[in-house]
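Colleague: Let me see the structure of the following:
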Amino acid sequence: MTVRSQLFILWAIVARDLRILVKSPWILIQRSVFFLISLFVFANLINKLVSFPGFNYFDFYSVGAVVSTITSIAFIIGADLFEEEELGMLDYLLSLPFGHTLFVVGRSLGGALRGLIYTAPMLLLVAVIDGYYSPVGILESYVVMFILATGISGLSITVAMNIRNENRFDVVIATAELVTVRVSAAIYPLIYIPQALQPIASVSPVSSTADILRAIILGNPSGPTDIILLLTFVAVFFGLGSALLFRKLEGGRFE
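Modeller: Okay, here's the model as predicted:
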């Protein structure tokens with residue numbers, strides 16, 4: 001198979017995931033409304049209640065809200081895979097005549113790309129509100145968000161390939177999304193998170209992504225540790241998701 005044909009197949013897989021998301025408009029509408037309400041109502045309200053020199057909660061929250069939203073959108077890929085497996089479609093897709101590596105890469109990139117496309121206007125809105133207009137910086141922010149979404153897609157695929165019961169899957173995927181977003185420094189500063197959860201939040205990829213974006217857009221300090229933690233997360237869960245899909249392809253359905 002030539003490189004050109006591999007790229008065509010990869011794009012076909014990614015495009016299919018983009019079409020699937022468009023067919024579920026209520027999910028997009030729900031998250032859009034939640035984002036706008038949380039940004040212009042919740043963040044403004046808390047900003048009036050929490051005030052101390054050198055800290056603006058609205059600016060802090062505005063960036064974190066975008067990161068939280070792309071995390072939630074990236075989790076949807078797991079639900080798509082679970083539904084496809086329930087319908088028997090996943091077995092068909094895995095039997096198509098192309099390498100399974102392409103399938104794994106395509107599904108992960110598809111989940112990440114649709115999250116990025118969906119949240120791109122949100123980041124632009126936040127950048128304008130926060131007074132940041134550098135095209136290069138915004139492009140760098142998109143790259144960081146895409147990397148996070150790729151890792152979250154891998155995590156979601158890992159969950160989908162490990163759970164066979166629908167009710168259990170719904171609970172686990174919702175809990176994973178809740179923990180990933182809430183036990184992080186995306187919404188609240190690390191020092192205000194319960195002390196027992198601070199060690200987890202400090203190494204969260206969502207925290208790292210939010211810190212990197214705040215460094216770009218708001219000029220907050222950020223170090224190479226954030227980038228290392230983010231890339232490590234992506235490598236681990238992209239690898240796990242790939243391994244479990246390979247296992248399914250080679251061993252059939254597993255209980």
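Colleague: Not counting its neighbours along the chain, what's nearest Tyr142?
Modeller: For Tyr142, ignoring the flanking residues on the chain, the nearest one in space by Cβ to Cβ, 6 or more residues apart in numbering is Leu116 at 6.3 Å. Where C-beta positions appear, they are placed from N, C-alpha and C, glycine not excepted.
Colleague: where does that neighbour land in three-state SS?
Modeller: Here Leu116 is recorded as helix under DSSP: H, G, I helix; E, B strand; the rest coil.
Colleague: So what's the residue count around it?
Modeller: Residues near Leu116, counting by other Cβ atoms under 10 Å, number 21.
Colleague: you'd agree it is up against Ile70?
Modeller: Yes. With contact defined as Cβ atoms under 8 Å, Leu116 reaches Ile70; the gap is 6.7 Å.
Colleague: between those two, what contacts are shared?
Modeller: Common neighbours of Leu116 and Ile70, using Cβ atoms under 8 Å, 6 or more residues apart in numbering, are Met145, Ala149.
Colleague: May I ask which helix or strand of this protein has the lowest mean pLDDT?
Modeller: Within the chain, confidence by mean pLDDT, DSSP states H and E is lowest for helix 89-94 among all helices and strands, at a mean of 72.
Colleague: For the stretch 151-255 of the chain, just list every one of the helices.
Modeller: For the stretch 151-255 of the chain, the helices defined by DSSP state H, counting those that start in this stretch cover 166-182, 198-202, 205-217, 224-251.
Colleague: quick one: which of the ones you listed is nearest Leu123?
Modeller: Leu123 sits nearest to helix 205-217 of all the helices of the stretch 151-255 of the chain, at 8.1 Å, using Cβ to Cβ.
Colleague: re earlier: so which of the helices of the stretch 151-255 of the chain is the most packed in?
Modeller: Mean neighbours per residue, mean count of other Cβ atoms under 10 Å, is largest over these for helix 205-217, with a mean of 26.
Colleague: Quick check: Lys176 touching Phe75?
Modeller: Wrong residue type there; residue 176 is Ala, not Lys. Yes. Between Ala176 and Phe75 there is a contact under Cβ under 8 Å: 7.2 Å.
Colleague: Give the intersection of the neighbour lists for the two.
Modeller: Leu155, Ser156.
Colleague: Now the least confident helix or strand of the chain - C-alpha only, PDB.
Modeller: Taking C-alpha atoms only, helix 89-94 is exported to PDB below (Å, rounded to 0.1, in the frame of the first residue of the first chain):
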ATOM      1  CA  MET A  89     -20.200  -2.600  13.200                       C
ATOM      2  CA  LEU A  90     -16.800  -2.400  14.900                       C
ATOM      3  CA  ASP A  91     -16.000  -6.000  13.800                       C
ATOM      4  CA  TYR A  92     -16.800  -5.100  10.300                       C
ATOM      5  CA  LEU A  93     -14.700  -2.000  10.400                       C
ATOM      6  CA  LEU A  94     -11.700  -4.000  11.800                       C
END
